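# Here is the input, now give the coordinates:
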Amino acid sequence: MGDRRSMIMFEPLDDYSPTNDDENPPDFEEGPGDSQLPLTEVGNETHSKVDQLPNTRKDVLSFALSVFNLMNAILGSGILGLGESLKNLGIVPFFILLTSTSFLAGYTITMLLQLSEIVGLKSYEGLAKKAFGLRGKMFTSIMIVLHCMGAICSYVYIIKTELPEIIKSFIGYIPDDEVPEPIYINGDFVMLAVVFLVIIPLASLKDIKFLGYSSGFGMICMLLFTCTVIAKKFTIPCPLENEFNANSTFNNRTLSHHNLDEEEQYCSAKPVNFNSRTAYAVPTMFFSFMCHASMLPIYAELRRPTIRRMQKVAAVSISNVLALYLLSATFGYLTFFNKVKSELLLTYSLYNPDDPLIILSRVMVIICVTLSVPLLNYPARKTIIIALFPRSFYQFSWVRHILVMLVLLALSTLSVLFVPNIRDIFGIAGATSSASLLVILPSAIFYKLTGEAAKKVQKEYRIKRKIALVMAIFGTIFCAISVVMIVVDWLM
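Numbering: from 1, shown residues only. Predicted coordinates:
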């Protein structure tokens, strides 16, 4: 979800509304139960013949809307962690790997599109069930839920770290060793307060369609964040220590709360820089480009959908996101070099926590992620209910609705309480759920379904089937190695 907007642009709850067919629930292999429905709640099969006629204006609007929706599905909190990934890889490996990840995402999206045309299904879970039966569907559902929870954890972590800094800036707080820190600037307390007072009430609503507007706001936040990172590169000096000595206004507050690493800051970019934290870099990239569960519903929404048109949508969306990622990560790294933190926006507290532009960026990001948590909770809850209660999906239950929501938010919040760094969230989520949804599952499903198709299809996709098999094996090995390396880093 990315991380952030995976599946959140689609109607979160109308699926729950009772219908006249409650006594005879639909087949969930192809119905709304297996996928997030498109925005208009109609598939391309039901479009009228008039709507299928060429219309340049409508085609352009549909294409632009699809690009916007897919970018929303990709962009997210991953943009805050890529600066540290660059630090732990070096400029050359980072550019190669991030660009390769974007191409990999585009290639596996094409795989899913081709499978959708071959078997006539437009949901990730439906394709998994077609290929591997109920177990495949359940595994895919679990991965989607874990990805949503990983994104929720990253947002709650941002609230935990960023909101106290905003409060300190507004009240002009300066730490005093003789006076205990007020509880209202404690990260855990602030996070729990936002979860109980804002997120839980919003996630409890039966219909939160109005929160879909936060996706547009989120895009503005990311653009502002990227522009801020670029602008600050030319105003923040290097090394920071010299500025701290010369600037007593921020010295006490910054140094006491954001102790600089013992390592001396260097002020030149390193082409290659591998270390123990390099294991988190590629999983963070996978996490940052995850949008596959949202892609098929967007494809169903596209006017006069064809594989070629949706490939263009994916290419434009991924290219735009890649540009934002490269700009923010590169200029963030060239500003702080080895002092870049795992949460890039928080890094600016090392220089001037009271900078108005930084405060504005923080406020917008906090509002954006706070509204995004309940939006991510809805598809995760929907997937769980579909998997556990398929036959009663249309029979809305407040008890089930609230209980699943509380369990999801409780697990996510508890994880953040005990996770010391957002890098760990990006790493473990990227190495497991994101790697599965972005590489392993598309490749394995493609290999299986094309192998069971007609001889003509098998012949047409012969080379691509071999590539898919190699990618599935590579993805599985990568997933295992990444998890082991991350666990070893935790134990060291």
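# going forward, measure contacts and count neighbours with C-alpha atoms only.
Fine.
# what's the neighbour count on residue 367?
For residue 367, the neighbour count with other Cα atoms under 10 Å is 16.
# What strand or helix carries it?
Residue 367 belongs to helix 356-388 when assigned by DSSP states H and E.
# buried residues in that helix?
358-362, 364-387 (16 or more other Cα atoms under 10 Å).
# Ok, stretch 79-93 next?
Residues of stretch 79-93 classed as buried by neighbour count (16+ other Cα under 10 Å): 79-91, 93.
# How about stretch 414-434?
By neighbour count on 16+ other Cα under 10 Å, the buried set for stretch 414-434 is 415-417, 422-434.
# And stretch 65-78, by the same measure?
65-78.
# Can you tell me which of the buried residues of stretch 414-434 lies closest to residue 317?
residue 434 (18.3 Å; Cα to Cα).
# Check the secondary structure at the closest one for me.
Following DSSP: H, G, I helix; E, B strand; the rest coil, the label given to residue 434 is helix.
# any idea which helix or strand carries residue 166?
helix 124-171.
# tell me the angle of the helix holding residue 367 relative to helix 124-171?
150 degrees (axes from the mean of the first three to the mean of the last three Cα atoms, to 10 degrees).
# If you count neighbours, what's buried in the following helix or strand past helix 356-388?
Moving toward the C-terminus from helix 356-388, the next helix or strand (DSSP H and E) is helix 398-418. By 16+ other Cα under 10 Å, the buried positions in helix 398-418 come out as 401, 402, 404, 405, 406, 408, 409, 412, 413, 415, 416, 417.
# show me the contacts for the closest residue to the third one other than its chain neighbours.
What it means is residue 404. Computed as Cα to Cα, 6 or more residues apart in numbering, the closest residue to residue 404 that is not its neighbour in sequence is residue 381, at 6.2 Å. Residues in contact with residue 381, defined by Cα atoms under 8 Å, 6 or more residues apart in numbering, are 145, 401, 404, 405, 408.
# just those now: which is nearest residue 456?
Distances from residue 456 to the contacts of residue 381, taken as Cα to Cα, are shortest for residue 145 (36.3 Å).
# So for the closest one, what's the nearest residue that isn't a sequence neighbour?
With Cα to Cα, 6+ apart as the criterion, residue 145 has its nearest non-adjacent residue at 4.9 Å, and that residue is residue 380.
# my guess is the one you found contacts residue 148, does it?
Yes: between residue 380 and residue 148 there is a contact under Cα atoms under 8 Å: 6.1 Å.
# between the two, what contacts are shared?
The contact sets of residue 380 and residue 148 do not overlap (Cα under 8 Å, 6+ apart).
# how far away is residue 139 from residue 427?
Distance of residue 139 to residue 427, given as Cα to Cα, to the nearest Å: 20 Å.
# JSON lines for the buried residues of helix 398-418, including pLDDT and distance to residue 112?
Converted to JSON lines, these look like this (pLDDT from 0 to 100; distance: Cα to Cα, whole Å):
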{"residue": "401", "pLDDT": "89", "distance to residue 112": "31"}
{"residue": "402", "pLDDT": "92", "distance to residue 112": "33"}
{"residue": "404", "pLDDT": "91", "distance to residue 112": "29"}
{"residue": "405", "pLDDT": "92", "distance to residue 112": "30"}
{"residue": "406", "pLDDT": "94", "distance to residue 112": "33"}
{"residue": "408", "pLDDT": "93", "distance to residue 112": "28"}
{"residue": "409", "pLDDT": "93", "distance to residue 112": "30"}
{"residue": "412", "pLDDT": "91", "distance to residue 112": "29"}
{"residue": "413", "pLDDT": "92", "distance to residue 112": "33"}
{"residue": "415", "pLDDT": "89", "distance to residue 112": "32"}
{"residue": "416", "pLDDT": "90", "distance to residue 112": "33"}
{"residue": "417", "pLDDT": "88", "distance to residue 112": "37"}
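# Tabulate the buried residues of stretch 65-78 (JSON lines), appending distance to residue 135.
Putting the buried residues of stretch 65-78 into JSON lines (distance: Cα to Cα, whole Å) gives the following:
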{"residue": "65", "distance to residue 135": "34"}
{"residue": "66", "distance to residue 135": "31"}
{"residue": "67", "distance to residue 135": "33"}
{"residue": "68", "distance to residue 135": "33"}
{"residue": "69", "distance to residue 135": "30"}
{"residue": "70", "distance to residue 135": "28"}
{"residue": "71", "distance to residue 135": "31"}
{"residue": "72", "distance to residue 135": "30"}
{"residue": "73", "distance to residue 135": "26"}
{"residue": "74", "distance to residue 135": "27"}
{"residue": "75", "distance to residue 135": "30"}
{"residue": "76", "distance to residue 135": "30"}
{"residue": "77", "distance to residue 135": "31"}
{"residue": "78", "distance to residue 135": "30"}
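# Sort out which of the buried residues of stretch 79-93 are in helices and list them.
By the criterion of DSSP state H, membership of the buried residues of stretch 79-93 in helices covers 79-89, 91, 93.
# On the three-state scheme, residue 354 is what?
Following three-state DSSP, we place residue 354 in the coil state.
# Against residue 225, how distant is it?
Taking Cα to Cα as the measure, residue 354 falls 16 Å from residue 225.
# Those two: which has the busier surroundings?
Remark: of residue 354 and residue 225, residue 225 carries more neighbours, 25 against 17, as counted by other Cα under 10 Å.
# Give me the contact list for whichever strand or helix holds the more buried one.
Assigned by DSSP H and E, residue 225 falls within helix 213-232. Helix 213-232 is contacted from outside by 5, 9, 72, 75, 324, 327-328, 331-332, 335, 357-358, 361, 364-365, 368, 371-372, using Cα under 8 Å, 6+ apart.
# got any ranges where this protein has weak pLDDT?
Residue ranges of the chain with pLDDT under 70: 1-55, 207-215, 241-262, 392-394.
# same thing but at 50, please
For the chain, applying pLDDT under 50 flags the ranges 1, 4-52, 244-260.
# Farthest from the middle of it: give me that residue.
For the chain, the largest distance from the centre (Cα atoms, centre = their mean) belongs to residue 178, which lies 41.6 Å off.
# Just say helix, strand or coil for that residue.
Per three-state DSSP, the local secondary structure of residue 178 is coil.
# before we move on, back to that, for the buried residues of stretch 79-93, work out which two are farthest apart.
80 and 93 (18.6 Å).
# which parts of the host helix or strand of residue 482 are buried?
Under the criterion of DSSP H and E, residue 482 resides in helix 462-491. Going by neighbour count (16+ other Cα under 10 Å), the buried part of helix 462-491 is 464-465, 468-472, 475-476, 478-479, 482-483, 485-486.
# Identify, from the residues you listed, the entry nearest to residue 166.
For the buried residues of helix 462-491, the residue nearest residue 166 by Cα to Cα is residue 486; the value is 31.3 Å.
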